[in-house]
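*Asks:* Build me a structure from this.
(3 chains)
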Amino acid sequence: MRGVVRSFLVSLWFMALTFPIVVIKVSSLDGSIGWRWENAVGIGIGVFVVSFIWRALLVRRGAMTPREADLEWLFTWLEVERNQRIAKAVGLFIGCNVPVLFLVSVGGWKGFLTSLHALEVGTVAALVLAHFGMILGGGALRGKQRGAVAVQWVRQTAASPLGRKGAVVALMAFVLPLPFFMDMYQVNIISSALIWIMLGLGLNIVVGQAGLLVLGYVAFYAVGAYTYAIGNLHFGNEYIGFWTFLPIGGLLAMLAGVLLSFPVLRLRGDYLAIVTLGFGEIVRVVLEGGSLSLNPILSLLPTSVVQALPASFQNTLDLGGPAGIGGIPYPGFFGMKLSMDDSIRLVYFVALGLTIITIIAVSRLRDSRLGRSWAALREDEIACEAMGINKVTAKLSAFALGACWAGFGGVLFAAKTSFINPSSFTFMESALILSVVVLGGLDSIIGVALGACVLILLPEYLRSLNEYRMLIFGASMVLMMVFRPQGLLPAKAIKRTMPVVTEPPMNEKAGAA
Amino acid sequence: MADIDWHYFLELLVSGVTKGCIYALIALGYTMVYGIIELINFAHGEVYMLGAFTGLIVAGVLGVMGFPETGILLIGGVVAVIYCSAYGFTVEKIAYKPLRNATRLSPLISAIGMSIFLQNYVRIAQTQDFLRYPNLIPDFAFLEPISDILRPSGFVIIVTSSLVMAVLTLFIKYTRLGKAMRATAQNRKMAMLLGIDSDRIISATFIIGSALAAVGGVLIASHTQQINFNIGFLAGIKAFTAAVLGGIGSIPGAMLGGIVLGCCESFAAGYLSSDYEDMFAFAILILILIFRPSGLLGKAKVQKV
Amino acid sequence: MMQAASSTAALPVLEVRDLSKRFGGLLALSDVNLNIHQGEVVALIGPNGAGKTTLFNCITSIYTPSEGQVVLRRPQGEECILNTHKPHEVTRLGMARTFQNIRLFQGMTVLENVMIARHCRTRAGVFGALLRPAWVRREERAIEEKSYTLLQYMGLESLYAEEARNLSYGQQRRLEIARALATEPFLLLLDEPAAGMNPQETLELKEMVLDIRKAFNLSVLLIEHDMSMVMSLSDRIYVMEYGCNIASGTPDEVRHNKQVIKAYLGEDDA
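*Replies:* As a prediction, the model looks like this:
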């Protein structure tokens, strides 16, 4: 009973807290006042339910005792095994229907039905799958046979190398022909999701692997995109195009990463976060300002080189300002003339290829001497140095590589949208990339890929969710940190099978010394 | 440089100090929280924005009911302070308290999440357009002669924030709670051993910091006369810069840092280029962190091994 | 200087000359002198707050000394003045350490903890990691094997896949030593290795220190509070109080030194 009273009080508190913002609305036109009492009721009910769940989860996490949470009755009830199964089934049912519930509560039934129109194959499939999984789970709970066998099969397949290869082949067989069966709008969306996977994995190098919280990651992305846009404007011709600017964009972004990392090398975690945030904003402000003075750089170059440059590089560089730069061409394909559709398909394949390369590169980095030095840096800086690791090199390389991938992503992004302006490179984008990494699981490659897909594809398909996208991201970042800091699919330690080494180490050492 | 335009200089100085006072008010919240739990409370800028919005809404309601302007300003300010304190308190309980023993990165990400959440909460519940803020500050007759330098709103800002900061200084110095806060900032474990309830102190810190931010929010909104859900972001970063400039953790440092930053920005915008006004704050931040990470009034810390 | 105790003809491998360290107005170390010769086990004792760990941090370049010099003589014959070096360079030169409050990489496996320490003796870089040529694969294999062998030596091999944070206290101490050994040092610094151990574990630790000294051809400098261990293990002892060297010599000499007794037991008992 006390639990109910407590939840009721919490819900009253939140109703009062949100009252002015949520209930009263001042019109921006004539200053008239609108009262939206239904919102207060919604918040009251919502908070009442959530406060139970919140406390129950805190108890499960061990942050509270059932007594402190006023939930003794619940946990006594849960001590019986049969009740646990019931609770799991109910939880699963609610969990699977949360998207539906949310859509209904946001837009009412009518809104839900219109959003169903916008639901595309993927989402319907996801909903069906969720329900299927629920039934499967229910089966597992009931008899532990059918469902459990399926779950075990998945686990075993994932564990065996052959199973994993099979899964990769199946996945490729699914994604390769995809653009030939979907309309171009869909293909574009999937290409963006792929770019976001690259960005997420790139940021993961810096944040997840090396533990350096960077909040201005989008700046490197912008460097890549503007490299292609500006480069194409001044140098672009049939020979110099996307494929030339892809490596250049990566390199320039890397250079920006190195330049930024020099001043911030000595900074601790939170200062680093804020300085990189500042850096990101500086880049955005410069882009909006519209021009960049090149004189400081030009004065370092020999005059003959400067004179050889095109006129637009002689003193200030036009960045397009808030209006941005348009007319950026799609990637070329051995000089062939491609139709619009084929170009979009080509972008998809380029994105897919780069994503695969990224995944391979990142997983190799993780299991390497360099990757271990980043992990050491993340875990304990002082011990890391005592192991003979140069902190500066480790940080610098993490920054440079992370930035490099953002540069590749940026070039690809410019090629995909054919038009860029500074509003694509705000702090919100940085925060989104960060939430991809955090949601998926810091340092977990599959997790980050999954995070990118969820965060980019879901709002695209659930249009009515779009307005709530950032709200949900913000909330889920908090919730993830509180309840599941390791992310949806947490990173696993690298598996190693150990050799049987029998020779005692002293012989070798004594011989050496 | 024989003929300096003194009038222009004064104008810039006054506008710098005005802005600086607001930065200082917000920076105090950052610095106090950082002093106690070593966390950059990213959501702090959002609390300031909420303060401005609450003030606006209260003013709207009271305006319809036909209250006089000065009364509206006072009531609006008080309500904003109360609400923001409640928001600060709640934010801490939800997003930071469960993470007290987590790694350093977790509360920081949680704070960013909270900041994004609050911004969008206001955007969805209210509007994403700019809202016009009513002019609630009366014209003071004695300001007539210098009205081209110091606007009434600027005057109110400078006077109010000086008052608030003086009260805060006295509070921290002489009251029981203030002393407990200083003790906790020095050494949380030791303070707990001496019977100080650190959870209560942390809550109090958030409440006080948020109240100061609310004052700043209402004041700046009456000064610039327009607000939207986004104003907390930039103000938050600049205030943080001010806190770092003064030496994070140091209360007089935050006040000094705010005013120095405001003046730097104002002069840089006035004499160099107004296009990049927002950039100077970041440039200053990066420069301080490189050359004097302990700030103007902070002390360098030796890392224990 | 009392150098008579150890009559090695060669120059000491580590020489601390008139070292002082100031934190603001506080003089944490003043004119400390210390020598370690090849193969010696030297102990550093003194009451809490005497500056022992600060001295360690100065020697390993985590702190920069305010005055004085730290000189390291490598077996290869070169002589390095460490004052301006970075901590990682010191490790590379052949001096490894453990920490008073254990500093393992808690979230990583036991084996990876040791593998990290091979960093300064291997050389694969970015391109090595990305392209994985044959020599890098061989190097990785060698790192794994060498690390595993060290774990075997420390009796931790069965725990190799365990996360470091799950180890018992004694195991964590041993892992820290294994990790230090993996950097191939000729001089090992142990900061209170027996802290928190029971008498049995302490005894084993003592045997182990003597073992690794022989097996790896090491010189050892250790800070320790356990007097029975210090007295039976070390060749020479330095005693510190209030940031100064107050005595040094063989265990016997130190045991009977008036000043040491005074420092430990107080004025009146002396």
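*Asks:* For chain A, which residue gets nearest to chain C?
*Replies:* A:Gly388 (2.8 Å; CB to the nearest CB). All C-beta atoms are positioned from the backbone trio N, CA, C, and that covers glycine.
*Asks:* That residue and A:Ala376: what is the separation?
*Replies:* Going from A:Gly388 to A:Ala376 by CB to CB, to the nearest Å gives 10 Å.
*Asks:* which neighbours do those two share?
*Replies:* Here A:Gly388 and A:Ala376 have C:His119 as joint contacts, going by CB atoms under 8 Å, 6 or more residues apart in numbering or on different chains.
*Asks:* Now do the same contact list for A:Ala452.
*Replies:* Contacts of A:Ala452 by CB under 8 Å, 6+ apart are A:Ala193, A:Trp196, A:Ile197, A:Leu199, A:Gly200, A:Val436, A:Gly440.
*Asks:* Hmm, the third one is touching A:Thr355, no?
*Replies:* Yes: with contact defined as CB atoms under 8 Å, A:Ile197 and A:Thr355 form a contacting pair (5.2 Å).
*Asks:* among the contacts of A:Ala452, which are in strands?
*Replies:* Counting by DSSP state E, no part of the contacts of A:Ala452 is found in strands.
*Asks:* Following the record's annotation, map out the domains of chain A.
*Replies:* Annotated domains of chain A cover A:1-79, A:176-483 [automatic domain parsing].
*Asks:* ok, and for stretch C:130-150, which residues are buried?
*Replies:* C:Leu130, C:Val136, C:Glu139, C:Glu140, C:Ile143, C:Glu144, C:Lys146, C:Ser147, C:Tyr148, C:Thr149, C:Leu150 (16 or more other CB atoms under 10 Å in any protein chain shown).
*Asks:* To clarify, my last question referred to stretch A:353-372.
*Replies:* For stretch A:353-372, by 16+ other CB under 10 Å, it's A:354-355, A:358-359, A:361-362, A:364-372.
*Asks:* Would you mind marking which of the residues you listed are also close to chain B?
*Replies:* Contacts with chain B are made by none of the buried residues of stretch A:353-372, judged by CB under 8 Å from any CB of the partner chain.
*Asks:* Could you single out the nearest of those to A:Ala491?
*Replies:* A:Arg366 (8.5 Å; CB to CB).
*Asks:* backbone phi and psi for that closest one, please?
*Replies:* Dihedral pair for A:Arg366: phi -60, psi -40, per degrees, to the nearest 10.
*Asks:* list the contacts for it?
*Replies:* Applying CB under 8 Å, 6+ apart, we find A:Arg366 in contact with A:Gln209, A:Asp443, A:Ile445, A:Ile494.
*Asks:* The last one: how many residues sit nearby?
*Replies:* By the criterion of other CB atoms under 10 Å in any protein chain shown, A:Ile494 has 16 neighbours.
*Asks:* Just the element for it, please.
*Replies:* Using DSSP states H and E, A:Ile494 is not contained in any helix or strand.
*Asks:* before we move on, the earlier item: out of the contacts of A:Arg366, who's the most crowded?
*Replies:* A:Asp443 (27 neighbours).
*Asks:* Look up how far chain B lies from A:Ala193.
*Replies:* Going from A:Ala193 to chain B by CB to the nearest CB, to the nearest Å gives 21 Å.
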